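[1] predicted model and sequence below, questions to follow.
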Amino acid sequence: MKNLFGLTLPLLIILISCIDLNAQDSLKIMLKSEAQQRFLEKDYVKALPLFRELLKSYPKETEYRYCVGVCLVKLNQDPDEAISLLRSASISNYDPMAWYYLGRVLHLNYSFDEAIKAYSRFLLVGKSADIKSLDVERQIEMAKNGIEFTRTGLLVNVMNIRTIQTEQMQLAAEINGSGKLLKKPLEFCTRPDLKAGFRPWMFLPIYTEINEYIYSAGYEKTEKNKKQIFRLKNINHETWGIPEPLDITINTPYDEEYPFFDPKSSILYFSSKGHSSMGGYDIFKSVYDWNTKTWSKAENMGFPINSPYDDLLFITDEFGHSASFASTRNTGPSQVNVYRIKLEHDTTGVRFLNVDEIRKASQLLIEPVKQASKPGIEDLTTLKPDKSDFVETTDLPVERTVAVKIDYNRVLADALILQLKADSLSRITRDKRILAKDTPDDELQKQLVTEIIRSDKEAKNYQREADLKFSEARNLKTHEKVDINLADSTITLATEINGIKVYQYKNETLPEEKIVPVFTDEIVFLEKSPYNASNPIPQGLGDHPGLIYRIQLGVFSKIKPFDAFGGIGPIIYEQVDGSNILKYYAGLFYSINAVTRALEIIRSKGYPDAFVVAFLDGKLISTEKAREIEFAEFKL
């Protein structure tokens, strides 16, 4: 950057120390003019070194102390130095704004009592226009909230920290593979959004079938011009309704932004400058009641997840084991830290004795893992199972049984995450293929083809890894639930067909045509049909209490051959009362998420008209009603 005379700032500073006194005075005048101009333009990054150089020559000059202090506050640097400089500037009555900035840096530094005193002084000496625009009374309220929330804090287990630029915020949502964070599409923007050029970040789920609504931030329609949380209703999985603002349980007279709705728990996480925020954006949560169609009171996520800085975008993983959120604490301009934390069920708090302990807790440092000298049952999550653990005997020790269960859960969780990534990339690949086919732009088409090849390759790699993990999980599940009890049973393993274990009574050999497959998965896809004359496709829905899902393959007037549906299993059919109509169904599922993934595979195998059906205690219900029941009971 060059100044008005064509000199770079470093060169300008060096020249000050190298030329005679008269020339130095002239250059310092130029330096002051340049610094003041940068300060007025709010270019604090460039103003700070200029005022530091001036302060070095004139350490008692109040203007320079004030300007350096303000720059440090704006750039989130050296709070102790900023407090010292602004305290002296405020006492000298140089500018009433010194009291506000002193309050601000004390607020950010967790000195809430002193911050309230500085803010209160500014209310007496500041200009009414500044007091109103800075909403100083609200700052005092948030400082009081900070006092309450930092009396005790939560024990937060930090797994990872990384710093990103704010324009890379989509990286903060990588923890959840069921959707992606993107700039709000123009189709979802309201008129006030378009007028203000407001394109906030929003989480768009991939599996729209399990989301009755999607959520985004937007400007309200009144003259207050505040940001609020809106929701858009899912009409037919591809079309969405107009944005409708949430009620005052969520939206306040202040800004709300960064919503994320977790369909498994029906919890909406969002950031707000209202409610009980301790400063800037705090993260809140509210639970949706699908029966009463209401939100619970917004609950502050507490300290140290929240801070006097902006805390944003709380997102959980698909299984509720961990979460991530972004914060402007300990960062520079246009940056955020992304913290990944474990979601602990233990809500025991810790009491802080002084402000130094509060400041240390706010750093959210990664604690070193403590290694146990001799692992017991409680330490089994760190054990790597040995092959000798997986033997077919009832003499398996309790500790090893627990290890098998823990390892099964871990492997299954890994498999599901890989499957979600594979499904996500497959959808992206499909959409790009459609776009490449329709675009008249040759260059764009070439670019899309390159991206299609890459994403398709990645999807296949993830799918391969997911299949291996699912296979590993099935083996672990078998050892846990079946093989351990074989020694005391009259049932023994007869054979295995395409991954399906088939059992028979001991000392009895069954003819091959009488082998009946045991379906242990929600759905399987074999090389050939598992049904034959001795094992026909069963009729009737069976006795399955509670909520279940199936995939309807088709409606027919005659019974279909055993191999009509290839290697898909399990298959059942039912006859509609008072008619010859037969409905054939595939699979048995307990979550809309699982049946949706299977539906895509079924359609790709030659059943484009297949669709999801739901049953409650054996009675057909709408999928919308099923979704409400599933969410209300937290079954996903």
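    Alright, I've got the coordinates. Numbers count the residues shown, from 1 in each chain.
[2] OK, contacts around the residue nearest to Val555 when sequence neighbours are not counted?
    Distances taken as CB to CB, 6 or more residues apart in numbering place Lys583 nearest to Val555, at 5.5 Å, with adjacent residues excluded. To be clear about C-beta, it is placed using only N, CA and C from the backbone, and glycine gets the same treatment. Listed by CB atoms under 8 Å, 6 or more residues apart in numbering, the contact set of Lys583 reads 552, 554-555, 573-576.
[3] what's the helix or strand for Lys583?
    Assigned by DSSP states H and E, Lys583 belongs to strand 582-589.
[4] can you name the next helix or strand after that strand?
    helix 592-604.
[5] following that next one, which helix or strand shows up next?
    For helix 592-604, the following helix or strand on the C-terminal side (DSSP H and E) is strand 611-616.
[6] next one: Gln458 from Asp467, what distance?
    Check again: residue 458 is Glu, not Gln. 15 Å (CB to CB, to the nearest Å).
[7] per-residue pLDDT, the residue nearest to Val555?
    In this model, Lys583 is scored at 92, pLDDT.
[8] beta partners of it?
    On the basis of DSSP bridges, Lys583 is bridged to Val555, Glu574.
[9] gap between stretch 307-314 and the chain center?
    Chain-centre distance of stretch 307-314: 14 Å, with CA atoms, centre = their mean, to the nearest Å.
[10] ends of stretch 550-561, how far apart?
    Stretch 550-561 has its terminal residues 20 Å apart, counting by CA to CA, to the nearest Å.
[11] next, the buried residues of that stretch.
    Within stretch 550-561, the residues scored as buried using 16 or more other CB atoms under 10 Å are 550-553.
[12] mind checking which of those residues land in strands?
    Within these, residues falling in strands by DSSP state E are 550-553.
[13] now tabulate the residues you listed in CSV and tack on pLDDT and distance to Tyr462.
    Formatted as CSV, those follow (pLDDT from 0 to 100; distance: CB to CB, whole Å):
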residue, pLDDT, distance to Tyr462
Arg550, 93, 27
Ile551, 93, 23
Gln552, 92, 29
Leu553, 91, 27
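[14] among these, which one lies nearest to Thr596?
    Nearest to Thr596 among those, counting by CB to CB, is Ile551 at 9.8 Å.
[15] immediately after the lowest-mean-pLDDT helix or strand in the chain, which helix or strand?
    Confidence across the helices and strands of the chain bottoms out at strand 500-505, with a mean of 42, counting by mean pLDDT, DSSP states H and E. Counting by DSSP H and E, the element after strand 500-505 in chain order, helix or strand, is strand 524-525.
[16] strands paired with that next one, and their directions?
    Applying DSSP bridges, strand 524-525 is found paired with strand 568-569 (antiparallel).
[17] what's the average pLDDT for the strand it pairs with?
    Averaged across strand 568-569, the pLDDT comes to 88.
[18] what comes into contact with that strand?
    517, 519, 523-526, 529-531, 553, 586, 602, 605.
[19] is there a quick PyMOL command that grabs whichever of the residues you listed are buried?
    In PyMOL, this line selects whichever of the contacts of strand 568-569 come out buried by 16+ other CB under 10 Å:
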select buried, resi 517+523+524+529+530+531+553+586+602
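[20] what is the nearest of the contacts of strand 568-569 to Gly146?
    Ile523 (52.4 Å).
[21] nearest spatial neighbour of Pro243, skipping sequence neighbours?
    The shortest distance from Pro243 to any non-neighbouring residue, by CB to CB, 6+ apart, is to Phe230 (3.9 Å).
[22] right, I mislabeled it, should have said Ser426
    Leaving aside its sequence neighbours, Ser426 sits nearest to Ala459 (CB to CB, 6+ apart; 4.7 Å).
[23] what's the answer for Val350, then?
    Gly153 (5.6 Å).
[24] from what I can see the one you found touches Ile305, true?
    No: using CB atoms under 8 Å, Gly153 makes no contact with Ile305, being 9.1 Å away.
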